[in-house]
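Colleague: Here's a sequence, model it:
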Amino acid sequence: TTIVFDNHNYKFKTTGQILIFDGYLKVYKDYESSEDKILPEVHDKEECVSTDVSSEQHFTKPPARYTEAKLIKELEELGIGRPSTYAQTIDTLKQRAYVTLEEKKFHPTEMGVETTDKLQEFFKDLINVEYTSKMEEDLDKIASGELVWNEVLKEFYDEFEPRVKKAFDEMEKHLTKK
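Modeller: Purely as a prediction, here's the structure:
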């Protein structure tokens, strides 16, 4: 249960449990290791008087970095790629220096971040999870004979080719050292 107290537009929140029936807890409450607080029963619009106020500061944490296994699991859950393509995908990320592997976790490089930003700028509706997953489905339909490959390819090319031209013309160029 979450209770939000409103005090002149300042919001205070507490979470815990409201005990309706103590059942087995009559005997075992001293042996329970629940971290939930037992909250008093409260009704809407009921006025409460505080006897103790304490503050806690919470910091949000970024999502954990991907390991190779976690990345593959995520790709599977999103319906992207095939088991035969996962190793090649990870290899490409490393070989092109989009990521480094530190303590078995991927860390994006400056080049990886910049590449992602530029691809999003020019191709965000083509390079995303939904589009990629749909394309995987279309490829499966081509394999099963439900779709004609050259029609799917023409539809993709007609959308992709002008975008590549626009990106080529408008994207700032970087000289790479070899």
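Colleague: Could you identify the longest helix within this protein?
Modeller: Criterion DSSP state H: the longest helix present in the chain is helix 149-170.
Colleague: Identify all contacting residues around that helix.
Modeller: The list of residues contacting helix 149-170 from outside it, by Cβ atoms under 8 Å, 6 or more residues apart in numbering, reads 118, 122-123, 126, 135, 138-139, 142. For glycine as for every other residue, the C-beta is placed from the backbone atoms N, C-alpha and C.
Colleague: so where's the protein uncertain?
Modeller: Scanning the chain for pLDDT under 70 picks out 31-36, 175-178.
Colleague: can you give me the helices in it?
Modeller: 25-28, 68-78, 83-95, 110-123, 129-143, 149-170.
Colleague: Which of those helices sits closest to Leu39?
Modeller: Closest approach to Leu39 among these is made by helix 25-28 (14.8 Å; Cβ to Cβ).
Colleague: residues of that closest one that come out buried?
Modeller: When burial is assessed from 16 or more other Cβ atoms under 10 Å, helix 25-28 yields no buried residues.
Colleague: roughly how far is that helix from the heart of the chain?
Modeller: Helix 25-28 sits 41 Å away from the centroid of its parent chain (Cα atoms, centre = their mean, to the nearest Å).
Colleague: Using CSV, list the CA coordinates for that helix.
Modeller: Provided in CSV are the C-alpha atoms of helix 25-28 (Å, rounded to 0.1, in the frame of the first residue of the first chain):
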residue,chain,number,x,y,z
LEU,A,25,1.3,-13.7,12.4
LYS,A,26,-0.3,-14.0,15.8
VAL,A,27,2.2,-16.8,16.5
TYR,A,28,5.0,-16.1,14.0
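Colleague: Can you spell out which helices and strands pack onto that helix?
Modeller: With contacts defined as 3 or more Cβ pairs under 8 Å, 6 or more residues apart in numbering; DSSP states H and E, helix 25-28 has no helix or strand neighbours.
Colleague: returning to that earlier point: of all the residues in the longest helix of the chain, which ones are buried?
Modeller: Buried, per 16+ other Cβ under 10 Å, within helix 149-170: nothing.
Colleague: what is Thr14 paired to in the beta sheet?
Modeller: Assessed by DSSP bridges, Thr14 has beta-bridge partners Ile3.
Colleague: That one: neighbour count?
Modeller: 12 (other Cβ atoms under 10 Å).
Colleague: Was I right to think it contacts Val42?
Modeller: No - between Thr14 and Val42 there is no contact under Cβ atoms under 8 Å: 9.8 Å.
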